[in-house]
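> what would the 3D arrangement of this be:
(chains A, B and C)
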Amino acid sequence: MRLSPGDPIFYDLFTASAQNLRAGVRVLSEALAPDADRAALVATLKDIEHTGDEHTHDIMKRVNSGTKPPFHRDDIYRLAGGLDDILDDVEAALDFMVLYRVKDLPTGVAAMVDVLDRAAELTAEAMPRLRTAAQLTKYWIEINRLENEADQTYRRLLARIFSGEYDALTVHKLKDVIEILESAVDGFETVANIVEQIALKES
Amino acid sequence: MRLSPGDPIFYDLFTASAQNLRAGVRVLSEALAPDADRAALVATLKDIEHTGDEHTHDIMKRVNSGTKPPFHRDDIYRLAGGLDDILDDVEAALDFMVLYRVKDLPTGVAAMVDVLDRAAELTAEAMPRLRTAAQLTKYWIEINRLENEADQTYRRLLARIFSGEYDALTVHKLKDVIEILESAVDGFETVANIVEQIALKES
Amino acid sequence: MRLSPGDPIFYDLFTASAQNLRAGVRVLSEALAPDADRAALVATLKDIEHTGDEHTHDIMKRVNSGTKPPFHRDDIYRLAGGLDDILDDVEAALDFMVLYRVKDLPTGVAAMVDVLDRAAELTAEAMPRLRTAAQLTKYWIEINRLENEADQTYRRLLARIFSGEYDALTVHKLKDVIEILESAVDGFETVANIVEQIALKES
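Numbers count the residues shown, from 1 in each chain, chains lettered A, B, ... in the order given. Here you go, the predicted structure:
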C-alpha cells in the first residue's frame, strides 16, 4: 500500500501542524493543575495558535503555488482545516476557563483532557505514516475508541453538573467548557476519518 | 434519468442502513410512552447503533476493496456518514432522557419525534430509488417541508421551556434533549441534500 | 489569474444571492433599534429568506440542466449552501429575539450585528470578483479579521451574561441569540474559505 507520488514536503507540514496541536493540548493539560498560572498559559496557547495558522497558511500556499500534493487538493484543505479547528477549540476551552474564572472543575474534565492529550499524540504519530499509509487503520480505530470513551465521560459530566450540586450560572459556565472539550474530541475523530478516506482512496 | 453503472450492492447497503436507522427512531418513539421501559429501550438502541456501525464499515470496506460504486466515492462516504450521524443523535437523545431522568416532556417533543419517524420512513423508501433516481425530488421536497415544520416546533418548544414553567436545571436538561432532536431532523435534511446532489450529478 | 470558462450567469446568481443576504442582515440590524417594529421586520425577513431559497434553487437547477458552471459543481453547491446557511441563522436570530421577547440586549450584540453587516457587504462585493479572482485574498483576510474580532466580542458577551446581572431564564435566552449570531459570523468565514479554495483551484 503506497500513496501516489507528489511532493513529500506535505507529510512534513502536516506532521509539524499535528505536533503543534499536540503542544497546544499539553498547555491546556497544564492549566488544570490547581496552582497553574493560567494567564501565562493563555498567552503561550495564543502563540501556538498563531504557529498553527502559519502551518495552515503554508500548506495552502504550497498547494496553490503548484507544488504537487501527494493526495487530492480537497483532502489537503480538509485535513489542514480539521487540525486547525481542533486547536481553535483547545484555545477556546482554556480561554473560557480563565474568562469565567471557573475554579473547581469536576474530575471528568481532566479525563476528557487526558483523552485529548492521547488523541493528539496518536495524530502527531500518524501524520508521517500518511506517506506509506502504514498502520493508519490502527490509529483510526484507537481514535474512535477514545471518542466513544470521551462521549461517555461527557454525558456523565452533563448529568453531574445538572444534579443540583452547582448554582445556575456555574452550570452554564461548566457546560460551555465541557461542550468545547467534547467538540475538540470530535475534531480528532473528524481528522481520523479524513486520514482514513485519504488512505482508502490512495490505496 | 439513470445513475451511472457500478455495483448495485451499494443501493442494498444504503437501504439496509436507512432501514436500521428507521428501527432506531421507532425505539426512540416507543420510549416516549409513559409506561415505557426506557432502560431496556436504551439497550435495544445500542444494538441498533452497532448494526449501523457495521453497515457503515461494510460500505467503506467495499469501496476500498475495489467494488465500483455507482456514484462518486466522496458521496458514498458522505451519505454513509450522514445516516450514521442521525443514528448517533437518536441514540444520544434517548440516553439523555434516561440519564437526566426527565419525566414530563413537553408535548412538542413527541411532535419532533413524529417528524423523525416520518423522515426515517421517507429516507428508507428513497434509498432503493437512488438506483433509477426516480421520485427523489419529491422525497427531497417532503424532507425539507418536514424540517421547516420541526424547526417551528423546536422554536416554540424553546420559548415554552424558557417561559418560567420549569426550574433552572430542568430547563438545561430539556434544552439538551430538544436540541439533539433538532440536530437529528437537520441530519435528515443533510442526507436529503446529499441524495439530491448525487441525483443531479448523475442525471 | 483567471477562472476557467463556463457560463458567467453563475457570477450573477451568486451576486444576487449575496446581495439578498445583505438585505437580510440589514433587517436584523434595523430590529435592534429600541422603537423597531420587530413583528413587521420578521415578516420582511421571511420574504427575503424565500427569495434566498429561490436563488439557491435556481443555481442548483442550472447546474443540473447542463449549464456549464465556471468552477466545480461541488463548489457551486457548497457556496450556494454556505450563503443559505447564513441567511437561516440571521432569520433565526431575529425570530428568537421576538419569540423570547428579549428587550434589553447587551451592547455587544449590536457590535456582533455590525460585524455581520460589514461581512455581508464584503461578501456581496466579492461575488462578482469571482469572475477574475481579483482581490479575493483581501476579502478573505478581512473576513477572517472580522471573525476574530466578533469571536472576542462573543466571549466577552458570554462572560457578561454569566456575571450574575441577569436572571437564569434571561441568560438562556440571551445565550441562544448570541450563539446564533456567532454561528452567522462563522458562516461568513466558511463562505470566504470556499471562495478562497475556488480561487486557488482555478488559478
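> and the residue most central in space within chain A, how close does it get to A:Thr67?
Note on chain A: the residue nearest the mean C-alpha position is A:Ile86, at 3.7 Å, using Cα atoms, centre = their mean. Spatial separation of A:Ile86 from A:Thr67 under the definition Cβ to Cβ, to the nearest Å is 25 Å. Just so you know, the C-beta spots here come from the backbone N, C-alpha and C atoms, and that holds for glycine as well.
> A:Asp167 - how many residues pack around it?
A:Asp167 has 12 neighbours, counted by other Cβ atoms under 10 Å in any protein chain shown.
> identify the residues contacting A:Ile178.
A:Gly108, A:Val109, A:Met112, A:Tyr154, A:Leu157, A:Leu158, A:Ile161 (Cβ atoms under 8 Å, 6 or more residues apart in numbering or on different chains).
> just A:Ala110 next, same as before
A:Ala110 neighbours (Cβ under 8 Å, 6+ apart): A:Leu32.
> do the same with the one 10 residues further on
Going by Cβ under 8 Å, 6+ apart, A:Ala120 touches A:Ala18, A:Leu21, A:Arg22, A:Gly24, A:Val25, A:Arg26, A:Phe188.
> phi first, then psi, for the closest residue in space to the fourth one that isn't next to it in sequence.
When the adjacent residues along the chain are set aside, A:Gly24 lies closest to A:Ile48, with 4.5 Å between them (Cβ to Cβ, 6 or more residues apart in numbering or on different chains). When quoted as degrees, to the nearest 10, the phi and psi of A:Ile48 stand at phi -60, psi -40.
> how close does the closest residue to A:Ile143 other than its chain neighbours get to A:Arg145?
Spatially, and ignoring its direct neighbours in sequence, A:Ile143 is nearest to A:Ala192 (4.0 Å; Cβ to Cβ, 6+ apart). According to Cβ to Cβ, A:Ala192 and A:Arg145 sit 11 Å apart.
> those two - which one has more neighbours?
Comparing A:Ala192 with A:Arg145 by other Cβ under 10 Å, the one with more neighbours is A:Ala192, at 24 against 10.
> was I right about that one contacting A:Leu130?
No. Look at A:Ala192 against A:Leu130 with Cβ atoms under 8 Å: they stay out of range, at 11.9 Å.
> pLDDT of the lengthiest helix in chain A, averaged?
Under DSSP state H, the helix in chain A containing the largest number of residues is helix A:168-202. Throughout helix A:168-202, pLDDT has a mean value of 93.
> quick one: distance of it to the chain centre.
7 Å (Cα atoms, centre = their mean, to the nearest Å).
> on that earlier part again, spit out the contact partners of the residue nearest to A:Ile143.
A:Ala192 neighbours (Cβ under 8 Å, 6+ apart): A:Thr123, A:Ala126, A:Tyr139, A:Trp140, A:Ile143, A:Asn144.
> how about 10 Å then?
Counting by Cβ atoms under 10 Å, 6 or more residues apart in numbering or on different chains, A:Ala192 touches A:82, A:119, A:122-123, A:126, A:136, A:139-144, A:146-147.
> secondary structure element for the residue of chain A most remote from its centre?
Computed with Cα atoms, centre = their mean, the residue of chain A farthest from its C-alpha average is A:Gly164, at 31.4 Å. Taking DSSP states H and E as the definition, one finds A:Gly164 inside no helix or strand.
> distance check, it against A:Met127.
45 Å.
> what does A:Thr67 give?
17 Å.
> the more surrounded of those two?
A:Met127 (24 against 13).
> near chain B, anything from stretch A:160-169?
Yes. On the criterion Cβ under 10 Å from any Cβ of the partner chain, stretch A:160-169 is in touch with chain B at A:Ile161, A:Phe162, A:Ser163, A:Gly164, A:Tyr166, A:Asp167, A:Ala168, A:Leu169.
> I'd assumed B:Leu169 was in contact with the fourth one.
Just to be clear, that refers to A:Gly164. Yes. A:Gly164 is in contact with B:Leu169 according to Cβ atoms under 10 Å; the separation is 6.3 Å.
> give me the common contacts of the two.
A:Val171.
> can you pull out the strands in chain A?
Applying DSSP state E to chain A gives no strands.
> now do the closest residue to A:Lys175 other than its chain neighbours, the pLDDT please.
Leaving out its chain neighbours, the residue that sits closest to A:Lys175 by Cβ to Cβ, 6+ apart is A:Ile161, at 6.4 Å. Looking at A:Ile161, its pLDDT stands at 96.
> what about the closest residue to A:Ser183 other than its chain neighbours, how many neighbours?
Spatial nearest neighbour of A:Ser183, chain neighbours left out: A:Asp89 (5.0 Å); criterion: Cβ to Cβ, 6+ apart. Using other Cβ under 10 Å, A:Asp89 is surrounded by 21 other residues.
> residues contacting A:Asp89?
A:24, A:28, A:116, A:179-188.
> which one (most neighbours) among the residues you listed?
Top of those by neighbour count (other Cβ under 10 Å): A:Ala184, with 29 neighbours.
> against B:Ala199, how distant is that one?
Counting by Cβ to Cβ - A:Ala184 and B:Ala199 are separated by 36 Å.
> same question, A:Asp117
On the measure of Cβ to Cβ, A:Asp117 and B:Ala199 end up 44 Å apart.
> who's more crowded, these two?
B:Ala199 (23 against 15).
> skip the chain neighbours and tell me the closest residue to A:Ala124.
Per Cβ to Cβ, 6+ apart, closest to A:Ala124 is A:Ala18, 4.2 Å.
> the one you found contacts A:Tyr139, doesn't it?
No. Assessed by Cβ under 10 Å, A:Ala18 is found out of contact with A:Tyr139, at 11.3 Å.
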